[in-house]
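**Student:** only geometry, no sequence info:
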C-alpha cells in the first residue's frame with residue numbers, strides 16, 4: 001500500500017473497509033458505527049490504539065472504534081502523548097485541544113477534540129457509509 005496523503009485505501013480482506021493512512025477515506029461497515037460523538041466542548045472519538053506499530057496511521061475500524069496505529073511504545077504515557085500529537089495534526093488543532101477522557105491505561109479510549117464539530121471530524125477522516 002502506498003503511504004501519504006495521496007494514497008488510496010486498500011480494502012481489508014476480511015472486514016470490507018479500507019486500511020488507510022492520514023487523510024484518506026475511512027469506509028464504515030454498512031449500518032455505520034458511531035465513532036464520533038457530539039460533545040458541548042467539541043467532539044469525542046472512540047479510539048482503539050495499537051502502540052509499537054511500524055508507522056503512525058489511521059487503520060480503519062476496530063469493533064466500534066477508530067483504529068489508530070502509533071510507533072510510540074505504551075510506556076510512561078508515551079503512546080497517549082503521541083496520540084494527542086497525531087490527532088492534533090490530523091484535525092489541525094493544537095495538541096492541547098486533544099484530551100483523553102477515559103482509557104489512559106488501555107487500548108480503548110474516549111478522546112475529546114476541543115472546538116471541533118463532529119461534521120468537521122468526519123470531513124477530515126472522510127468517513128462514508130459504504
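**Tutor:** Great, that's in hand. Remember, it's a predicted structure, so these values are computed and weren't measured experimentally.
**Student:** the longest strand in the protein is where?
**Tutor:** When the chain is parsed with DSSP state E, its longest strand is strand 42-50.
**Student:** contacts for that strand?
**Tutor:** 34-38, 59, 62-70, 79, 83, 87, 97, 101, 103, 107-118, 120-121 (C-beta atoms under 8 Å, 6 or more residues apart in numbering). To be clear about C-beta, it is placed using only N, CA and C from the backbone, and glycine gets the same treatment.
**Student:** any weak-confidence spans in this protein?
**Tutor:** Applying pLDDT under 70 to the chain flags the ranges 1-33, 127-130.
**Student:** Can you show me the strands along it?
**Tutor:** 10-11, 18-19, 26-28, 36-39, 42-50, 57-62, 65-69, 98-102, 108-114, 127-129.
**Student:** give the contact list for the residue of the chain positioned farthest from its centre.
**Tutor:** In the chain, the greatest distance from the average C-alpha position (C-alpha atoms, centre = their mean) is reached by residue 76, at 21.2 Å. Taking C-beta under 8 Å, 6+ apart as the contact definition, residue 76 lies against nothing.
**Student:** helices or strands next to the longest helix seen in the chain in the packing?
**Tutor:** For the chain, the longest helix by residue count, based on DSSP state H, is helix 78-90. Secondary-structure packing of helix 78-90 (3 or more C-beta pairs under 8 Å, 6 or more residues apart in numbering; DSSP states H and E): strand 42-50, strand 65-69, strand 98-102, strand 108-114.
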